[in-house]
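1. Just the structure for this:
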Amino acid sequence: MTSDIAAILAIDGIATGAVYALVAIGTVLIFTVTRVIFIPFGDIAAFTALTLAALDAKRFPGTGALVVILACLATMIEIISLVRAGETRLLPRALFFYLALPVAVVGLAWLTMRADPPLAVRLVLALMLITPIAPLLDRIVFRPIADGTVLLLLTVSVALHFALVGLGLLFFGPEGVRTEPLTSLSTELAGVLVSGQTMLIVIAALVFSGLLFLFFDFTLVGKSLRATAVNRTGSRLMGIRPARAGTIAYLLGSLMAGVSGILIAPVNTVFYDSGFLIGLKAFVGAIVGGMTSYPGAAIGAVGVGILESFASFESSALKDVIVFSLLIPILIWRSLASLHSEEEIEE
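-> Model prediction:
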């Protein structure tokens, strides 16, 4: 391996790691607020790439049907919950947020597609169609068991992943897609040619990470999410609703997954089941940060991307094995470095 090859591999790894970083940060965000290790995060990123490919081909994607189905299920569950709790006065609000708003987004996307919009508008449409998915899944699947153990939530999350893989095959088909590059520019960095797409991936990761930092530190909603992550009971006593905080976390997570899917689609062929590997590699990065630190998750994800790039050069067939083997020393280190205490048994 020459220095030029190493530089190329490092740049490629940083670009891939930047995408993983967005997924890892979103995973940590959802976990800290809701205690859910959201395995389908990568599936939502893959669905975004498939949605954008369908829009590029002037076809309305199956994402629209998926959102409508989820909206109907979420509305039905919310109505039943409100009726049982005797809070029928909240029914109009539930109908607006869980049914009218998602269906309106799908309808707006369908009408816009008939006008053959440019690439920038198609990117916005893809994000609009993807963003409601995670909050709707939260209402359907996770909120009814929000007080369950982390192990139960993880088991349900894995089952939800397999359900989404099946739905992905139904709505998008088995064909892989690769969208057109978002930019054709390129530049030379330290004697290495760097594509504009690579620079765009890194810049987008930095921008969204910075916006997330500003959101948590300088907005009331962001501070309420941080409070919920630190102490759910205490935040509830201060008037913060954990359910609402969870919805916001899923909304932000879905948006970040959508951006990740848009960035990775031009550089990798994406299939309906590609999301699992994306999410799992980002999860390795999130583990580096202990599932609590956003900078730690981002640094870990970039490290995973660089390791994957060099591993693919040495042995393409074993690159995933090498990446996932990184979990073993990380978990051992985390186990030895963390403070252990006896679990309190709630009566």
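2. buried residues in the one helix or strand residue 80 maps to?
-> Here residue 80, judged by DSSP states H and E, is contained in helix 63-85. Neighbour-count burial for helix 63-85 flags 63-64, 66-68, 70-71, 73-75, 77-79, 82 (criterion: 16 or more other Cβ atoms under 10 Å). C-beta: built from backbone N, CA, C; applies to glycine.
3. what does stretch 211-219 give?
-> In terms of neighbour count (16+ other Cβ under 10 Å), stretch 211-219 has its buried residues at 212, 215, 216.
4. thinking again about what came up before, excluding its own residues, what touches the helix holding residue 80? List them.
-> Where contact means Cβ atoms under 8 Å, 6 or more residues apart in numbering, the residues beyond helix 63-85 that reach it are 47, 50-51, 54, 88, 90-91, 94-95, 98-99, 102-103, 105-106, 109-110, 129-130, 132-133, 136-137, 139-140, 144, 167, 171.
5. what about stretch 109-120, distance to the chain center?
-> Centroid separation for stretch 109-120 versus its chain: 25 Å, with Cα atoms, centre = their mean, to the nearest Å.
6. pLDDT of the helix holding residue 80, averaged?
-> Per-residue pLDDT values across helix 63-85 average out to 92.
7. can you give me how far it is from the chain middle?
-> Between the mean C-alpha point of helix 63-85 and the mean C-alpha point of its chain there is a distance of 22 Å (Cα atoms, centre = their mean).
8. What count of nearby residues applies to residue 12?
-> 21 (other Cβ atoms under 10 Å).
9. Pull the contacting residues for it.
-> Taking Cβ under 8 Å, 6+ apart as the contact definition, residue 12 lies against 198, 309.
10. and the most centrally placed residue in the chain, how far is that from residue 307?
-> Of all residues in the chain, the one closest to the mean position by Cα atoms, centre = their mean is residue 257, 3.2 Å from it. For residue 257, the distance to residue 307 equals 22 Å [Cβ to Cβ, to the nearest Å].
11. ok so, going back, can you select the buried ones from the contacts of helix 63-85 in ChimeraX?
-> Selecting in ChimeraX just the buried members of these, where the criterion is 16+ other Cβ under 10 Å, is done with this command:
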select :47,50,51,54,94,98,99,102,103,105,106,109,129,130,132,133,136,137,139,140,167,171
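12. longest helix in this protein, by residue count?
-> Longest helix in the chain by number of residues, with DSSP state H as the criterion: helix 3-34.
13. tell me the mean pLDDT for that helix?
-> What helix 3-34 shows for mean pLDDT is 85.
14. Name the next helix or strand downstream of it, please.
-> Proceeding C-terminally, helix 3-34 gives way to helix 41-56 as the next helix or strand, assigned by DSSP H and E.
15. per-residue confidence averaged over that next one?
-> 92.
16. And it, how far out from the chain middle?
-> Centre-to-centre, helix 41-56 and its host chain are 12 Å apart (Cα atoms, centre = their mean).
17. Report the buried residues of that helix.
-> By neighbour count with 16+ other Cβ under 10 Å, helix 41-56 contains the buried residues 41-55.
18. rewinding a little: could you check the angle helix 3-34 makes with the host helix or strand of the residue nearest to the centre of the chain?
-> Here residue 257 sits within helix 242-264, counting by DSSP H and E. Orientation note: helix 242-264 sits at an angle of 160 degrees relative to helix 3-34 (axes from the mean of the first three to the mean of the last three Cα atoms, to 10 degrees).
19. can you offset everything so residue one is 53?
-> Sure, I'll start numbering at 53, so the last one becomes helix 294-316.
20. buried stuff in whichever helix or strand comes after helix 294-316?
-> Heading C-terminal from helix 294-316, the first helix or strand you meet, by DSSP H and E, is helix 327-340. Judged by neighbour count using 16+ other Cβ under 10 Å, the buried positions of helix 327-340 are 327-328, 330-340.
21. same for helix 327-340, what does it pack against?
-> helix 55-86, helix 93-108, helix 202-224, helix 346-366, helix 371-377, helix 379-389 (3 or more Cβ pairs under 8 Å, 6 or more residues apart in numbering; DSSP states H and E).
22. got the angle between that helix and helix 55-86?
-> On the basis of the same axes, to 10 degrees, helix 327-340 is oriented at 80 degrees to helix 55-86.
23. What mean pLDDT does helix 327-340 get?
-> Confidence for helix 327-340, expressed as mean pLDDT, is 85.
24. Dump the C-alpha coordinates for stretch 174-193 into PDB.
-> The C-alpha coordinates for stretch 174-193 follow below in PDB (Å, rounded to 0.1, in the frame of the first residue of the first chain):
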ATOM      1  CA  ARG A 174     -37.200  16.000  -5.400                       C
ATOM      2  CA  LEU A 175     -34.700  16.000  -2.400                       C
ATOM      3  CA  VAL A 176     -37.200  18.000  -0.300                       C
ATOM      4  CA  LEU A 177     -40.100  15.600  -1.400                       C
ATOM      5  CA  ALA A 178     -38.000  12.600  -0.400                       C
ATOM      6  CA  LEU A 179     -37.400  14.100   3.100                       C
ATOM      7  CA  MET A 180     -41.000  15.100   3.400                       C
ATOM      8  CA  LEU A 181     -42.200  11.500   2.700                       C
ATOM      9  CA  ILE A 182     -39.600   9.900   5.000                       C
ATOM     10  CA  THR A 183     -39.900  12.200   8.100                       C
ATOM     11  CA  PRO A 184     -43.300  11.000   9.300                       C
ATOM     12  CA  ILE A 185     -42.300   7.300   9.400                       C
ATOM     13  CA  ALA A 186     -40.300   7.200  12.700                       C
ATOM     14  CA  PRO A 187     -42.900   9.200  14.700                       C
ATOM     15  CA  LEU A 188     -45.700   7.100  13.400                       C
ATOM     16  CA  LEU A 189     -43.800   3.900  14.200                       C
ATOM     17  CA  ASP A 190     -43.200   5.300  17.700                       C
ATOM     18  CA  ARG A 191     -47.000   5.800  18.300                       C
ATOM     19  CA  ILE A 192     -47.900   2.400  16.800                       C
ATOM     20  CA  VAL A 193     -45.100   0.200  18.300                       C
END
